[in-house]
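Participant: structure, please.
(one chain, ligands or ions: 1)
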Amino acid sequence: MSLPKPKQVNIDLYEGGTSEFKNLRSPLKLSANESALGPSPSVMEIFNQNLNLKQYPDGNSKNLKDIISKTFGLDKDRLIIGAGSDEIISLISQCFLSEGDEVIVAEESFLMYRIYSQINGAKVKYAKNINNKFSVDETVKLVCNKTKIVFIANPNNPTGTYIADKEMLKLRKNLPDNILLMVDDAYAEYVTKKDYKSGLEIFNNSSNTFVCRTFSKIYGLANLRLGWGFGPKEIVEAVNFFRPPFNISGIAEKAGCEALKDKNWLVKNIEHNNKWSKIIYDKVITKNIKTNEPVANFFLLNFDNAKHNEKEAYKIFSENNILLRKMNSYGINNSLRLTIGNEEANNKFLDILEKNF
Ligand SMILES: Cc1ncc(COP(=O)(O)O)c(C=O)c1O
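Facilitator: Numbers count the residues shown, from 1 in each chain. Next up is the predicted model:
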């Protein structure tokens, strides 16, 4: 018997932040940039309602689009809903990329841009980050007539850095108009910097920029898989052909609606993040661990000048029930990524840091 031959893709598969560790029971997971406080209590009430599980969901996610449109002042026809922003990135890649095309990503950036680009046959070019930050000049240098998409996360994962609104506008201005700029706003809600504007704010009227957002981070719904994209109407329509008809469960849609309604919960999360990111940053740098200034809900910790290297640090924290994210798959040396957790997890992290570094 000879089965059809699967397509060969020569890529490293994505590895998420670890949830478990040998011999650890319920570890404190600070490895996947998940929400510190979890979903809004009003989202949790959905699960006490009579859920109609036998019926297919609304394949057009009308209720969620209505609320997104109202909350952010966006045209409904320019929205697309995905099973996580991950699916939006995948759909954009399927829609625009083929063999012979090129994309540009920052060398230290979210791995799914390169993975989906390669799955769809495109070659990935890597722009150097300068001082751990996305560089417009390094990116523009790599443009050629095969370039179809430039991906940027702002703030960037895993470096935890951001570029100012002026830089983002410079990027768009310096890219040829026929290149799609894909701006990933996954951590936008956390940012309180005055010179920052989210992709959604900057490009609400652009004809060649696409923005994606997620409910997995500040809204605490990573498990339900919910995200969305906003872009030019023709692009949204084109991408929609690649979207499975019922990609979002009805429960996820309801949860997204409730999450957006609860503005107080959003504020509470931002306040929690501001408070703890400052406390953690101040402590971490006294231990000669280099890191980014607080911007999103995580830090990239570099151990070059610290008492322990990354391997030792990982071991110390995991032996104390705390999981951090290894950076090997990102090719970043001697570093771990730390997510800001709830009060208990943060205090535990600080305590172990104090005792061991
Ligand atoms: C920059 C960035 N974009 C997108 C995602 C994916 O999020 P989602 O859960 O919406 O697929 C992540 C997840 O870590 C991320 O860091």
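
Participant: what separation do you get for the closest residue to residue 61 other than its chain neighbours and the ligand?
Facilitator: Using Cβ to Cβ, 6 or more residues apart in numbering and skipping the chain neighbours, the partner closest in space to residue 61 is residue 81 (4.2 Å). Glycine gets a C-beta too; all of them are placed from N, C-alpha and C. Distance, residue 81 to the ligand, by Cβ to the nearest ligand atom, to the nearest Å: 11 Å.

Participant: same thing with residue 324?
Facilitator: Distance of residue 324 to the ligand, given as Cβ to the nearest ligand atom: 15 Å.

Participant: which residues touch that residue?
Facilitator: Contact analysis of residue 324 by Cβ atoms under 8 Å, 6 or more residues apart in numbering lists 30-31, 301, 313-314, 317-318, 336-338.

Participant: what of residue 128?
Facilitator: Contacts of residue 128 (Cβ under 8 Å, 6+ apart): 106-107, 135, 138.

Participant: just the residues you listed: which are in helices?
Facilitator: Among those, the members falling in helices (DSSP state H) are residue 138.

Participant: which of the contacts of residue 128 sit farthest apart?
Facilitator: Spatial extent of the contacts of residue 128 (Cβ to Cβ) is set by the pair 107 and 135 at 10.1 Å.

Participant: give me the common contacts of these two.
Facilitator: Listed as contacting both residue 107 and residue 135 by Cβ under 8 Å, 6+ apart are 127-129.

Participant: show me where the stretch 201-350 of the chain has its helices.
Facilitator: 233-240, 250-261, 263-286, 310-319, 343-356 (DSSP state H, counting those that start in this stretch).

Participant: those: which one's closest to the ligand?
Facilitator: Of all the helices of the stretch 201-350 of the chain, it is helix 250-261 that lies closest to the ligand, at 11.1 Å by Cβ to the nearest ligand atom.

Participant: that closest one - what's its average pLDDT?
Facilitator: For helix 250-261, mean pLDDT is 98.

Participant: what's it packed up against?
Facilitator: helix 41-44, helix 62-72 (3 or more Cβ pairs under 8 Å, 6 or more residues apart in numbering; DSSP states H and E).

Participant: tabulate those helices (TSV), appending distance to residue 186 and mean neighbour count.
Facilitator: TSV is the format used below for the helices and strands packed on helix 250-261 (distance: least, Cβ to Cβ, whole Å; neighbours: other Cβ atoms under 10 Å):
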stretch	distance to residue 186	mean neighbour count
helix 41-44	19	16
helix 62-72	15	16
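
Participant: save the ones you listed as a markdown table, and put in distance to the ligand too.
Facilitator: As requested, those are exported to a markdown table (distance: least, Cβ to the nearest ligand atom, whole Å):
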| stretch | distance to the ligand |
| --- | --- |
| helix 41-44 | 16 |
| helix 62-72 | 14 |
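
Participant: can you put these in a markdown table and add distance to residue 207?
Facilitator: A markdown table is the format used below for the helices and strands packed on helix 250-261 (distance: least, Cβ to Cβ, whole Å):
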| stretch | distance to residue 207 |
| --- | --- |
| helix 41-44 | 35 |
| helix 62-72 | 19 |
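
Participant: and the ones you listed as CSV, adding mean pLDDT?
Facilitator: Formatted as CSV, these follow (pLDDT from 0 to 100):
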stretch, mean pLDDT
helix 41-44, 96
helix 62-72, 98
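
Participant: near the ligand at all, the strand or helix carrying residue 94?
Facilitator: Counting by DSSP states H and E, the element that carries residue 94 is helix 85-96. Yes: Helix 85-96 comes into contact with the ligand (Cβ under 6 Å from any ligand atom), by way of 85-86.

Participant: helices or strands up against that helix?
Facilitator: Partner elements for helix 85-96 (3+ Cβ pairs under 8 Å, 6+ apart): strand 79-82, helix 111-119, strand 147-153, strand 180-184, strand 209-214, strand 227-230, helix 233-240.

Participant: now the ones you listed as CSV including mean neighbour count and mean pLDDT?
Facilitator: As requested, the helices and strands packed on helix 85-96 are exported to CSV (neighbours: other Cβ atoms under 10 Å; pLDDT from 0 to 100):
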stretch, mean neighbour count, mean pLDDT
strand 79-82, 24, 98
helix 111-119, 21, 97
strand 147-153, 24, 98
strand 180-184, 24, 98
strand 209-214, 26, 98
strand 227-230, 26, 98
helix 233-240, 15, 98
